[in-house]
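Visitor: Turn this into a structure:
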Amino acid sequence: MRRVSIVVPVFHNAASLPELMNRFSRLAEQNDEQFEFIFVDDGSRDHSFEVLENLARRDGRVHAIRLSRNFGSNAASAAGIAHATGHCVVAISADLQDPPELIGEMLEKWRQGYRVVLAARKEREDPWLTSLTSNLFWKLFRRFGIPTMPEQGCDFCLLDRSVLHALRDTYEPKGGLGMVLWTGFEPAVIHYRRRRREAHYGRSRWTLSKKLTYLIDSFVSFSHVPIRAASVTGMLLALLGMIYACALTFEKLFLGLDAFEGWASLMIVVLVVSGAQLTMTGILGEYLVRTLEASRRRPPYIVERVVEQQPAEEAQTPIRPLDESREVEIAEP
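Guide: Okay, the predicted model is just below:
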């Protein structure tokens, strides 16, 4: 019997975990595949891992993994995928804004032969500013990064084991879902309405700084537009400077004007050009610092603890990274 692994990154989601597990259980009853549920606590400071421990002790399908600190949602998902034994893996958030019941439709697409199934947001109940900025980001990413990305983005997906094996040979810790679409496997897309986060499930930890970091990581990983824009800006400024110099020289030689006098105009030119140079240096720095991070090959996450019952005999070998040294586990004392 084929096995489905559901990976859930957890960060301060203690309130929503029991309800999420109840809906997962109903989902498993409605489908013929075997299920395992892998929850990865990404350094939560509430009692999320205590809840996960209780779930793992009550239900043998639950695997609770605790990371040593907060490494980010993508790293937590990668940790769960590395421990998955299923023929396919579903990644979903723990805040119940994405409906777990949609996994049934995703599995149907998988049974039809699709190796990548995306649950894409058609509408969202988030605040208007969040929706506006998110839609703008995804439009820019589709235009300059990966054209096959759904219009309003996606982080709820199903991946066949063959796709995960293809990604195993790459090392791009911050690639995220973009790496999945980069592989070229034709995705099946299911649209849904993303719900507003319920107040009793706590507030979102997806801060503005994290969003900006994700924005920069996405463009640096999949687009050359920023660096090319810097080059074009530099050439345009140089061209304007030469035109301006020629105009001033013409005025001085042929019109007899004191064209070279004027502290204000000189300072404007210096400030504009200096600002453009610093901007270009910053863009270069963004690419270089990520190259440095990749060359260091630090592990994208560190596993502190794993709570699980003995796996079923039919379980497959976990989908480990190609280089086992990338994942560090701290043994229990």
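Visitor: Off-centre distance for the longest helix seen in the chain?
Guide: Longest among the helix segments of the chain by residue count, using DSSP state H, is helix 263-296. Computed by Cα atoms, centre = their mean, to the nearest Å, the separation of helix 263-296 from the middle of its chain amounts to 26 Å.
Visitor: Which strands or helices does that helix pack on?
Guide: helix 208-222, helix 225-250 (3 or more Cβ pairs under 8 Å, 6 or more residues apart in numbering; DSSP states H and E). Yep, even glycine has a C-beta here, placed from its N, CA and C like the rest.
Visitor: from those helices, which stretch is densest packed?
Guide: With neighbours taken as mean count of other Cβ atoms under 10 Å, the helices and strands packed on helix 263-296 reach their highest mean count in helix 208-222, at a mean of 16.
Visitor: Downstream of the longest helix of the chain, the next helix or strand is which one?
Guide: Downstream of helix 263-296, the next assigned helix or strand under DSSP states H and E is strand 301-307.
Visitor: List the pairing partners of that next one within its sheet, with orientation.
Guide: strand 62-67 (antiparallel), strand 327-329 (parallel) (DSSP bridges).
Visitor: one step back: pipe the helices and strands packed on helix 263-296 into TSV and attach distance to Pro99 and mean pLDDT per row.
Guide: Below are the helices and strands packed on helix 263-296 laid out as TSV (distance: least, Cβ to Cβ, whole Å; pLDDT from 0 to 100):
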stretch	distance to Pro99	mean pLDDT
helix 208-222	23	68
helix 225-250	35	75
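Visitor: Those: which one's closest to Gly104?
Guide: Ranking the helices and strands packed on helix 263-296 by proximity to Gly104 (Cβ to Cβ) places helix 208-222 first, at 29.0 Å.
Visitor: now whatever helix or strand Phe24 lives in, how far from the centre of its chain.
Guide: For Phe24, the element it lies in under DSSP H and E is helix 17-29. Distance of helix 17-29 from its chain centroid, counting by Cα atoms, centre = their mean, is 25 Å.
Visitor: Mean pLDDT lowest where, among the strands paired with strand 301-307?
Guide: Of all those, strand 327-329 carries the lowest average pLDDT, namely a mean of 45.
Visitor: Run through the residues that contact the closest residue to Leu107 other than its chain neighbours.
Guide: Closest residue in space to Leu107, ignoring its immediate chain neighbours: Asn31 at 6.0 Å, by Cβ to Cβ, 6 or more residues apart in numbering. By Cβ atoms under 8 Å, 6 or more residues apart in numbering, the residues touching Asn31 are Val4, Gly104, Leu107.
Visitor: where does the stretch 151-300 of the chain dip in pLDDT?
Guide: The stretch 151-300 of the chain contains residues with pLDDT under 70 at 152, 169-176, 197-211, 214, 218-219, 222-223, 256-265, 267-268.
Visitor: what about 80?
Guide: Within the stretch 151-300 of the chain, the stretches with pLDDT under 80 are 151-155, 168-184, 194-276, 278-280, 282-283, 285-287, 289-298.
Visitor: what are the bridge partners for the nearest residue to Ile65 once chain neighbours are set aside, then?
Guide: Nearest non-adjacent residue to Ile65, counting by Cβ to Cβ, 6+ apart: Val40, 4.7 Å away. Under DSSP bridges, the beta-bridge partners of Val40 are Pro9, Ile65.
Visitor: per-residue pLDDT, His47?
Guide: His47 is given a pLDDT of 90.
Visitor: That one: neighbour count?
Guide: Using other Cβ atoms under 10 Å, His47 has 14 other residues around it.
Visitor: my read: the residue nearest to Ile65 touches Ala79, true?
Guide: Yes. The criterion here is Cβ atoms under 8 Å, and Val40 meets it with Ala79 at 5.0 Å.
Visitor: one step back: name the element the residue nearest to Leu107 belongs to?
Guide: Asn31 is located outside every helix and strand, with elements delineated by DSSP H and E.
Visitor: same deal with Ile38?
Guide: Per DSSP H and E, Ile38 falls inside strand 34-41.
Visitor: before we move on, what about Val90?
Guide: Using DSSP H and E, Val90 maps to strand 88-91.
Visitor: Show residues contacting that strand.
Guide: The contact list for strand 88-91 (Cβ under 8 Å, 6+ apart) reads 2, 4-9, 77, 80-81, 103, 106-107, 110, 155-161, 164, 319.
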